[in-house]
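Enquirer: all I have is the shape, not the residue letters:
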């Protein structure tokens, strides 16, 4: 088998590197609001793609994820019937829960091994401040934090993937997109990039069965980032 | 004395964090071209502000420093009479010398101490790929690499300083610009940011006497980054 040899690995973050479901559930639980914390996490995340779609279509001007998260939060707080339990300061604090997401257990070792051989960057729809806070708190050893915010285009817009190549002055075939989501990988592949699929069967919590079976289009399929490091010879 | 307490320290890089003169001199010396390596380094750097001015004025569209450095290099190579000694591949390699600049001796310890207490980012006119290569090679522990490239405005344009504040969602008074150059600090101050001046008396090499005396407008004046850490209580 031929081992791909990209110069840069670009990582999706929410779901691929960090466990948003478990982390948001933990933060909601800590507020003791008497609501289903897992359902709240899922509802918050469900609002994410439609909110970005309004930016991608041009209906909204450039709006960063912190602001989109807050728009969704204000809506679902009411839906869960706890609007009067959370004042402005509490909502601001809770909204920053996305800056405090925990990595999956394999991530620190996996990235540490990969980093010795490859340039590691993020390519996340999360904003730069969010990603910097998250990396500092969790000790994620990125060589460069890149975000849709830099390119003013949310994934899966081509501009995001090609923007990474431009930043590093490399051909798309020298970049490998690493993600747990097929739409992200498909869009990267359409730009000519290599792709690695990472299984994250519990991304949506313990009650949702996520299909993590390999798909033929990807150059690599890994159970986690330690497995990815192993397959890439690190 | 009141100690300033910013949330974010934003660092100028060329001259403040890394020794461009000594590093470029070393790379030129290694090529054994028989030219004055220090004079070559100074000439290359002298072309930098006029090149950026063409972008800042709008005469050139957005052009990253790697490209501006190459434009200047092609010109001074001829001026130093070694144009026929450097083919395309050699020029590309030499141009990347700016990705391989060495930090001043105090930098790793200084940043390491400051990082425990503050969010550390770059605010450099160097492009993202250059800054990422430099940080990886030298082990510079940035929490976030920011560049004029993100804001599509070179310092001292206000958009660069205010862009950092927007990324971190902070007021200008919560950001401290750290630099060895007064024009950079003055522009940051005009945006409402705090400023720390760092002495780098040998920035232009051993033969140039740089005035590093304190100026009253700055919140702090430090001999190096270890001294800055000490003054900020780290």
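Expert: Structure received. Remember, predicted model here, so these are calculated numbers, not experimental data.

Enquirer: what residues does chain A put near chain B?
Expert: Applying CB under 8 Å from any CB of the partner chain, we find that chain A lies next to chain B at A:66, A:119, A:121, A:127-129, A:131-133, A:135-136, A:143-146, A:149-150, A:167-169. Using the backbone N, CA and C atoms, a C-beta is placed for each residue, glycine as well.

Enquirer: one more time with 10 Å, if that's ok
Expert: Within chain A, the residues that sit near chain B (CB under 10 Å from any CB of the partner chain) are A:8, A:64, A:66-67, A:96, A:115, A:119-121, A:127-133, A:135-136, A:141-147, A:149-152, A:163-164, A:166-170.

Enquirer: make a ChimeraX selection of the buried ones in those residues.
Expert: Provided next is the ChimeraX selection string for whichever of the residues of chain A next to chain B are buried by 16 or more other CB atoms under 10 Å in any protein chain shown:
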select /A:8,64,66,96,115,119,120,121,127,128,129,130,131,132,133,135,142,143,144,145,146,147,149,150,151,163,164,166,167,168,170
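
Enquirer: quick one: residues contacting the residue of chain A positioned farthest from its centre.
Expert: Each residue of chain A has a distance to the centre, and by CA atoms, centre = their mean the biggest one is for residue A:84: 30.7 Å. Residues in contact with residue A:84 (CB atoms under 10 Å, 6 or more residues apart in numbering or on different chains) are A:77, A:78.

Enquirer: so it, which state does it fall into?
Expert: The assignment at residue A:84 comes out as helix when based on DSSP: H, G, I helix; E, B strand; the rest coil.

Enquirer: how much space is there between it and residue A:95?
Expert: When distance is defined by CB to CB, to the nearest Å, residue A:84 is 18 Å away from residue A:95.

Enquirer: now swap in residue A:49 and tell me
Expert: Distance of residue A:49 to residue A:95, given as CB to CB: 18 Å.

Enquirer: who has more neighbours, these two?
Expert: Taking residue A:49 and residue A:95 together and counting by other CB atoms under 10 Å in any protein chain shown, residue A:95 has the greater number of neighbours (18 against 12).

Enquirer: list phi and psi for that one.
Expert: Backbone torsions for residue A:95, taken as degrees, to the nearest 10, come to phi -60, psi -30.

Enquirer: that one touches residue A:64, doesn't it?
Expert: No - using CB atoms under 10 Å, residue A:95 makes no contact with residue A:64, being 11.8 Å away.

Enquirer: list residues touching both of the two?
Expert: In the contact map built from CB under 10 Å, 6+ apart, no residue is linked to both residue A:95 and residue A:64.

Enquirer: specify the local secondary structure of the closest residue to residue A:86 other than its chain neighbours.
Expert: What sits nearest to residue A:86 in space, not counting adjacent residues and going by CB to CB, 6 or more residues apart in numbering or on different chains, is residue A:77, at 5.8 Å. At residue A:77 the chain is in helix, as set by three-state DSSP.

Enquirer: my guess is residue A:77 contacts residue A:94. True?
Expert: Yes - with contacts defined as CB under 10 Å, residue A:77 counts as touching residue A:94 at a distance of 8.6 Å.

Enquirer: now the common contact residues for the two.
Expert: Both residue A:77 and residue A:94 are contacted by A:44, A:86, under the criterion CB under 10 Å, 6+ apart.

Enquirer: and residue A:122, that one's in a strand?
Expert: Yes - assigned with three-state DSSP, residue A:122 falls within a strand.

Enquirer: that one pairs with what?
Expert: When bridges are assigned using DSSP bridges, the partners listed for residue A:122 are residue A:11, residue A:145.

Enquirer: what number of residues lie near it?
Expert: Summarising burial for residue A:122: neighbours were counted as other CB under 10 Å, giving 26.
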